[in-house]
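Enquirer: Predicted model and sequence follow; I will ask about them next.
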Amino acid sequence: MTRRAAELAQYLGLELQGDPNAPLSGAANPEDAGPEDLIYADSARQFKRAESSRAVCVLAQPNAVSSRKTVLKTANPKLAFAKAAAWLTPSDWPSASIHPTAVVAESARVAVGAAIGAYVVIEDDVVVGEETWIEPFCFVGKGSRIGARCRLHPHVTLYAHSALGNRVELHSGVVIGSDGFGYVFGEGRQWKFPQIGKIIVDDDVEVGSNTTIDRGSLGLTHIKSDTKIDNLVQVGHNVEIGEHSILVSQVGISGSTKLGKGVVVAGQAGFGDHAIVEDNAVIGGQAGILPGKVIRSGQIVWGTPARPLKRFKEQHAWFARLPELARRLEALERVAEKATEDAEK
Amino acid sequence: MTRRAAELAQYLGLELQGDPNAPLSGAANPEDAGPEDLIYADSARQFKRAESSRAVCVLAQPNAVSSRKTVLKTANPKLAFAKAAAWLTPSDWPSASIHPTAVVAESARVAVGAAIGAYVVIEDDVVVGEETWIEPFCFVGKGSRIGARCRLHPHVTLYAHSALGNRVELHSGVVIGSDGFGYVFGEGRQWKFPQIGKIIVDDDVEVGSNTTIDRGSLGLTHIKSDTKIDNLVQVGHNVEIGEHSILVSQVGISGSTKLGKGVVVAGQAGFGDHAIVEDNAVIGGQAGILPGKVIRSGQIVWGTPARPLKRFKEQHAWFARLPELARRLEALERVAEKATEDAEK
Amino acid sequence: MTRRAAELAQYLGLELQGDPNAPLSGAANPEDAGPEDLIYADSARQFKRAESSRAVCVLAQPNAVSSRKTVLKTANPKLAFAKAAAWLTPSDWPSASIHPTAVVAESARVAVGAAIGAYVVIEDDVVVGEETWIEPFCFVGKGSRIGARCRLHPHVTLYAHSALGNRVELHSGVVIGSDGFGYVFGEGRQWKFPQIGKIIVDDDVEVGSNTTIDRGSLGLTHIKSDTKIDNLVQVGHNVEIGEHSILVSQVGISGSTKLGKGVVVAGQAGFGDHAIVEDNAVIGGQAGILPGKVIRSGQIVWGTPARPLKRFKEQHAWFARLPELARRLEALERVAEKATEDAEK
């Protein structure tokens, strides 16, 4: 669908400078953009790059001026671009339907507006909300509840009794509610600790491909609303993650660890069990949080074991100079030796 | 099903103090427990917490005494709890059946007591044992053998000629027997080293969601009995893992590495190829074992490259004090300089 | 199929010493080989091991001489072995067929020579090339293009508009073209940055089980020809990987990072966004490349943050000697203190 620049300005509530009738049908990078693609520029440097683009319309800072482009002005062009792109290029949600190959238990309650793809299996007592889209090869275990306007990409597995809120998006290969990892060794063998707890994923959570989130062993694993999780992340049993948090790819979180709101965890960071990360803390890539550790609100930590970034940098700078420090130490030792010899003469 | 406290005491062979008729139908945390849930207390502190629970029955140390609870006494309450929970809340195993949508090759031999779910594909010459439960979307490649009472959760893949023992549990997304990773670069391109070996998973092994275990390149990949593997773990070609070992999430093991019995590997640790880890060694989280390295029996190692925990701690304590050491070194240098100047006067 | 040693010598263009009629039907390790298995020996030590094998034919260095074995001589026995094994034990590619349970959109163009397995879903406007083999439970999203002689193992997912070249092999659980990970926080919530770019995987790429490769956010994610990727690897949006590169298991590459040709990345290494790795660089296991970092052509780097291997080793050697350095520093301080005291007397 093609829109006009003025329509977009109205949708976003922004001031427009230039041609209000400029057509818009997509969103792109300045380099790849065609005339109908929207682009954005966060800085003066980026605006220069935007000006040499084939695009006609650009989201830019309020002080941006151009004789060649139609400019929509905003203090946060990237945010406006994210909103605009979703509006210009909506995903083509299917109309309500249940594919004839889907195996849906009689006791399941699937909303009339839901779209169930080929080779989906929905077990007993499942509830699926309005406009929810379940793509091929998804498995929804018995007693699970899925809210409205969710999207399960192909090959998602929900173990029995999983609960999803509204507008939850699970990418391919995601496993929700599998058994947590806990054993007691005794009498010459491993005994499985019960993994019979719950898993709740709140509204507006998105989970990346092949990520795994275990149910609680006895209590609850809880991913709170608007939290975003990347691919290949592991979330253990009884973990709690607060609202609006960001977990980058390959992060691993051990059992019973709690993350607050707005926490950002960079890629491949790992958490021992029973750690606590307070609101808005930032965990660096590959950092390691020891079991039981508390990271205070707003702290930025790095390294294994993790410590405040400033301290890590200082320590690390000296680590890089260790060969030099060792040489200086040796030089002092020679001075001291000589002084001792001189004194003994 | 509801049981009586006395029945559980008899099943576990434990002394009971309190009401032998107390009903039991589940297992829980003290905080979440209802009156019919069993709880456990490993210590005096936990027993206090248990006493304020709504639960009636508690597994506790022999010296625990309560006027309010029915107490089952044992030196290892957690182990008894694991056994009791499995007994009180057995998973509801399906009765024998082959779903009409399952595609089972004529040459496959599926035991009459097995349960084959919707949209399962079983190829030629596969053998499936008694009471084994294969859930939807599992793929069992030709010539594979699955023992008795195994459970394959939805979306498990067994490559051709994989072999599983009895009571093996594979969680969703597990891939067994995929090609190992080996190439020879020559004549301007990568040539694949043959990946035509075997994969054997012994009795009572459990494997977490989306974990991958490659077949041997020429020889054998072998996971021995009662070993437990968490989610998103990578086990390379020709790896051998001894009995009762524990591999926590996101561990990666390169080709031809051998782990002994009772080895514990914490999350995100990585192993180079041809390493050897002897029985009962413990590998710390995120540790890195160099190729060919030998970790001795019972050792606890940490860091990359991994070294004994005690040594790691000592080295790391000084690492954290590097800025201080550098300042002290500078102070000494000033003293030495002054001494030299004084001497020259 | 059984071949003769002379046929193999001719196929590889190698000199043969011994029995030209020796039969060959497989490839193995010297220890496991039967009389008809080909083996190889890269060194004099390995050749000794080869001589005590039950195998009759051995690929060995030009100077190898044996009275007991039939020897095929080559400067690169391992490379010759890889070629020979593929020739002796070809994978049994199925004949052209579309399984009756496959759901193939009418608008899809599947080459007559392709083999489509049970429960495959192929959406609108997909193109599948000659002799391509798509195994059960694969999902090919609309508008995707798959070249000739590709193999998609069970449970592969291609998101809409993915593009694969020829002879691409994707192992089970691979996800190609899922949404990249990017959000803009504003007005109290996360807004998804558009993930509407492209994904192209060139000829002769192989991708291991459960690996995930995201599409470009706006531009392109591009895996170039003959690159080999192991299991559980994460490749972010807009990443570019040059020809013939090797990515070992559990590597993670953040958005917009570029790798050159012939790059080798060892297991569990992680890359921040917008890093650049030039041709033939080698990244050590668990190394961490900071965002925006440039690794020069042919460099070998280690550690987090990554630095040249030689420098890492030197620094690390002193790290291991930190307790000793600290003791020596203390000894010097005592000497200095005593000298000061003496001077004050």
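Expert: It's in. Numbering: from 1, shown residues only, chains lettered A, B, ... in the order given.

Enquirer: Can you get me a residue count around the closest residue to residue A:61 other than its chain neighbours?
Expert: Distance criterion CB to CB, 6 or more residues apart in numbering or on different chains; nearest residue to residue A:61, sequence neighbours excluded, is residue A:77 at 6.5 Å. Glycine gets a C-beta too; all of them are placed from N, C-alpha and C. Here the count is done by other CB atoms under 10 Å in any protein chain shown, and residue A:77 has 28 residues near it.

Enquirer: which sections of chain A are below the confidence cut-off?
Expert: Low-confidence regions of chain A, defined here as pLDDT under 70, do not occur.

Enquirer: Kindly recompute the last result at 90.
Expert: Along chain A, the model assigns pLDDT under 90 to residues A:1, A:90-92, A:333-345.

Enquirer: all helices of it, in order?
Expert: Secondary structure of chain A by DSSP state H: the helices cover A:5-12, A:44-51, A:77-88, A:309-320, A:322-344.

Enquirer: hey, which of those helices is tucked in deepest?
Expert: Burial among the helices of chain A, expressed as mean neighbours by mean count of other CB atoms under 10 Å in any protein chain shown, is greatest for helix A:77-88, which shows a mean of 22.

Enquirer: Tell me the residues of the stretch 1-150 of chain A that contact chain C?
Expert: Residues of the stretch 1-150 of chain A lying close to chain C (CB under 8 Å from any CB of the partner chain) are A:26-29, A:31-32, A:76, A:78-79, A:81-83, A:85-86, A:89, A:101, A:117-119, A:135-137.

Enquirer: ok, now with 6 Å
Expert: Within the stretch 1-150 of chain A, the residues that sit near chain C (CB under 6 Å from any CB of the partner chain) are A:27-29, A:32, A:76, A:78-79, A:82, A:85, A:89, A:118-119, A:136-137.

Enquirer: Next up, the contacts around the residue nearest to residue A:61.
Expert: The neighbours of residue A:77, taking CB atoms under 6 Å, 6 or more residues apart in numbering or on different chains as the test, are A:40, A:42, A:59, A:60.

Enquirer: Now with 7 Å, please.
Expert: The neighbours of residue A:77, taking CB atoms under 7 Å, 6 or more residues apart in numbering or on different chains as the test, are A:40, A:41, A:42, A:59, A:60, A:61.

Enquirer: Tell me which of those residues fall in strands.
Expert: Of the positions in the contacts of residue A:77, A:40, A:59, A:60 sit in strands, assigned by DSSP state E.

Enquirer: Compute the distance between the second one and residue A:1, please.
Expert: This means residue A:59. Using CB to CB, to the nearest Å, one gets 19 Å for the distance from residue A:59 to residue A:1.

Enquirer: more neighbours, these two?
Expert: Between residue A:59 and residue A:1, counted using other CB under 10 Å, residue A:59 has the larger neighbour count: 28 against 7.

Enquirer: That one pairs with what?
Expert: When assigned by DSSP bridges, residue A:59 has beta-bridge partners residue A:40, residue A:72.

Enquirer: ok, now residue A:246?
Expert: Going by DSSP bridges, residue A:246 is paired in beta bridges with residue A:228, residue A:264.

Enquirer: what number of residues lie near it?
Expert: Neighbour count for residue A:246, taken as other CB under 10 Å: 20.

Enquirer: and it, what is it in contact with?
Expert: If a contact means CB under 7 Å, 6+ apart, then residue A:246 has A:228, A:264, A:265, C:183 as its contacts.

Enquirer: The third one contacts residue A:248, correct?
Expert: Yes. With contact defined as CB atoms under 7 Å, residue A:265 counts as touching residue A:248 (6.3 Å).

Enquirer: Around chain B, pick out the residues from the stretch 151-300 of chain A.
Expert: Taking CB under 7 Å from any CB of the partner chain as the criterion, the neighbours of chain B within the stretch 151-300 of chain A are A:155, A:157, A:173, A:175, A:178-179, A:181, A:183-186, A:189-194, A:196, A:210, A:212, A:218-219, A:232, A:234, A:236, A:250, A:252, A:254, A:270, A:272, A:288.

Enquirer: Just the closest residue of the stretch 201-345 of chain A to chain B, please.
Expert: Of the residues in the stretch 201-345 of chain A, the one nearest chain B is residue A:318, at a distance of 3.8 Å by CB to the nearest CB.

Enquirer: got the residues of the stretch 1-150 of chain A next to chain C as JSON lines, with distance to chain B columns?
Expert: Written out in JSON lines, the entries for these read as follows (distance: CB to the nearest CB, whole Å):
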{"residue": "A:27", "distance to chain B": "32"}
{"residue": "A:28", "distance to chain B": "34"}
{"residue": "A:29", "distance to chain B": "32"}
{"residue": "A:32", "distance to chain B": "31"}
{"residue": "A:76", "distance to chain B": "36"}
{"residue": "A:78", "distance to chain B": "32"}
{"residue": "A:79", "distance to chain B": "33"}
{"residue": "A:82", "distance to chain B": "30"}
{"residue": "A:85", "distance to chain B": "31"}
{"residue": "A:89", "distance to chain B": "30"}
{"residue": "A:118", "distance to chain B": "10"}
{"residue": "A:119", "distance to chain B": "6"}
{"residue": "A:136", "distance to chain B": "10"}
{"residue": "A:137", "distance to chain B": "6"}
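
Enquirer: Just the closest of these to residue B:112, please.
Expert: When the residues of the stretch 1-150 of chain A next to chain C are ranked by distance to residue B:112 (CB to CB), residue A:119 comes first, at 26.7 Å.

Enquirer: Quick check: the two most widely separated of the contacts of residue A:246?
Expert: Farthest-apart pair in these is A:265 and C:183; separation 13.5 Å (CB to CB).

Enquirer: These two: which is more packed in?
Expert: Counted by other CB under 10 Å, residue A:265 and residue C:183 do not tie: residue A:265 has more neighbours, with 28 against 16.

Enquirer: residues touching the more buried one, list them.
Expert: Taking CB under 7 Å, 6+ apart, we find residue A:265 in contact with A:246, A:247, A:248, A:251, A:283.

Enquirer: same check, this time on residue A:326
Expert: Taking CB under 7 Å, 6+ apart as the criterion, residue A:326 is in contact with C:318, C:325.

Enquirer: let's go with 10 Å and repeat that
Expert: B:329, C:314, C:317, C:318, C:321, C:322, C:324, C:325, C:328 (CB atoms under 10 Å, 6 or more residues apart in numbering or on different chains).

Enquirer: got it, and residue A:284?
Expert: Applying CB under 10 Å, 6+ apart, we find residue A:284 in contact with A:264-269, A:300-304, A:306, A:309, A:312, C:272, C:288, C:290, C:304.
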